[in-house]
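**Student:** sequence plus the predicted model coming up.
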Amino acid sequence: MKTSRRTFIKTGALVTAGAALLRNQVFASAPKTSIVGLQLYSIRDEMKKDPLGSLKEVAKMGYVYVEHANYVDGKFYTYAPKEFRKILDDLGLKMVSGHTVFGKTHWDASKKDFSDSWEKLVDDAAILGQKYVVSPSMDMTMRNKYEDFKGYMDIFNKCGELCNKQGMKFGYHNHSFEFAESLNGEKLFDIMMKSMDPKLVVVQLDMGNLYNGGAIALDVVKQYPGRFENLHVKDEIEAPAGSDEKYESTIIGEGIVNTREVTDLATKIGGAQVYIIEQESYQGKTPMECVKKDLEIMKMWGYV
């Protein structure tokens with residue numbers, strides 16, 4: 001059948017309009033109150049060498065929010081809490097969140113109470129003005145028996161109560177083992193989602209890490225709608241031969257995660273409000289180059 005030029009143009013216009021409608025349905029609008037930050041582990045070597053200079057560079061890029069990954073002996077990147085807060089304030093930066101692993105030593109089973117060190121951590125997080133206190137992993141000994149694991153989920157809920165007293169929220173950030181390991185025939189992540197009270201514990205979904213555990217980020221967001229107000233925005237590519245894991249992170253939007261689609265879906269149905277950029281591998285670029293590019297992409301997507 002012959003197609004006239006007029007019919008071709010009309011049909012093409014309809015196809016274009018349909019594609020635009022589909023894009024609008026897939027890509028939700030970013031919330032006007034979204035918080036986009038940088039996990040400082042992305043520039044860990046720079047922060048170790050020159051924390052002040054590195055933070056200045058991050059602020060110059062346009063970042064306003066950051067998430068720490070270094071709390072050692074009561075200090076953040078070697079600075080006392082009040083001193084570090086002043087540095088952040090002077091640079092116009094806000095420490096929205098922080099990563100410190102909650103371990104077995106942070107809970108005194110005989111007293112059924114938190115250790116002094118964990119209570120101090122929560123106090124210090126409040127000094128920085130954090131909104132979230134996040135445990136970014138879990139010791140192997142806390143997850144090798146079902147009853148012990150369930151018991152720690154109860155303690156996580158208590159962590160939430162402790163943080164709430166300071167106007168903050170407790171969170172847990174996944175790696176890959178939560179999806180790769182099981183107890184009593186159930187994935188650890190599923191046990192966690194059933195056991196942790198969503199009013200007390202925020203799940204900071206790392207959309208990249210889970211790929212090494214055999215999970216797919218879009219599926220996880222769909223499985224647990226409304227549970228991911230805090231996201232680690234990340235992308236992944238296949239790691240070089242000989243690497244410890246199959247995938248490594250890369251500039252967002254350039255890998256297999258479908259980062260934009262995951263971020264938009266989490267915004268639409270997952271309750272996402274906080275978006276923390278993290279990149280741990282750089283494929284020959286410098287970390288600073290990468291995190292600058294990551295922020296530019298989030299701006300292009302309408303989240304900044």
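**Tutor:** Yep, that arrived.
**Student:** what about the helices in the chain?
**Tutor:** Along the chain, counting by DSSP state H, helices occupy 5-26, 44-49, 51-61, 81-91, 116-128, 146-164, 177-180, 188-195, 217-223, 259-269, 287-300.
**Student:** which elements pack onto the third one?
**Tutor:** Translated: helix 51-61. helix 44-49, helix 81-91, helix 287-300 (3 or more CB pairs under 8 Å, 6 or more residues apart in numbering; DSSP states H and E). Backbone N, C-alpha and C define where each C-beta goes, glycine included.
**Student:** from the chain's centre, how far out does it sit?
**Tutor:** Helix 51-61 has its C-alpha centroid displaced from the chain centroid by 21 Å (CA atoms, centre = their mean, to the nearest Å).
**Student:** which one of the helices of the chain is the most hemmed in?
**Tutor:** With neighbours defined by mean count of other CB atoms under 10 Å, none of those is more surrounded on average than helix 259-269, at a mean of 22.
**Student:** any idea of the pLDDT on Ala20?
**Tutor:** pLDDT recorded at Ala20 is 44.
**Student:** which residues does the residue positioned nearest the centre of the chain bridge with?
**Tutor:** Ranked by distance to the mean C-alpha position of the chain (CA atoms, centre = their mean), the top residue is His232 at 2.3 Å. Beta-bridge pairing for His232 (DSSP bridges): Asp206, Ile276.
**Student:** that one contacts Asp206, doesn't it?
**Tutor:** Yes. With contact defined as CB atoms under 8 Å, His232 reaches Asp206; the gap is 3.9 Å.
**Student:** can you list residues touching both of those two?
**Tutor:** 173, 278 (CB atoms under 8 Å, 6 or more residues apart in numbering).
**Student:** before we move on, back to that, relative to Asp139, which of the helices and strands packed on helix 51-61 is closest?
**Tutor:** Relative to Asp139, the nearest member of the helices and strands packed on helix 51-61 by CB to CB is helix 44-49, separated by 21.0 Å.
**Student:** who touches that closest one?
**Tutor:** Under CB under 8 Å, 6+ apart, the answer for helix 44-49 is 40, 53-55, 57, 69-70, 77, 287-288.
**Student:** distance between that helix and the chain's centre?
**Tutor:** Averaging C-alpha positions (CA atoms, centre = their mean) puts helix 44-49 20 Å from its chain's average.
**Student:** and it, average pLDDT?
**Tutor:** For helix 44-49, the mean confidence score works out to 98.
**Student:** need the helices and strands packed on helix 51-61 in a markdown table (columns: distance to Val257).
**Tutor:** Formatted as a markdown table, these follow (distance: least, CB to CB, whole Å):
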| stretch | distance to Val257 |
| --- | --- |
| helix 44-49 | 21 |
| helix 81-91 | 30 |
| helix 287-300 | 13 |
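**Student:** hmm, back to that, list the contacts for the residue nearest to the centre of the chain?
**Tutor:** Residues in contact with His232 (CB under 8 Å, 6+ apart) are 39, 173, 204-209, 276-278.
**Student:** if you set the cut-off to 6 Å instead, what comes out?
**Tutor:** 206, 276, 278 (CB atoms under 6 Å, 6 or more residues apart in numbering).
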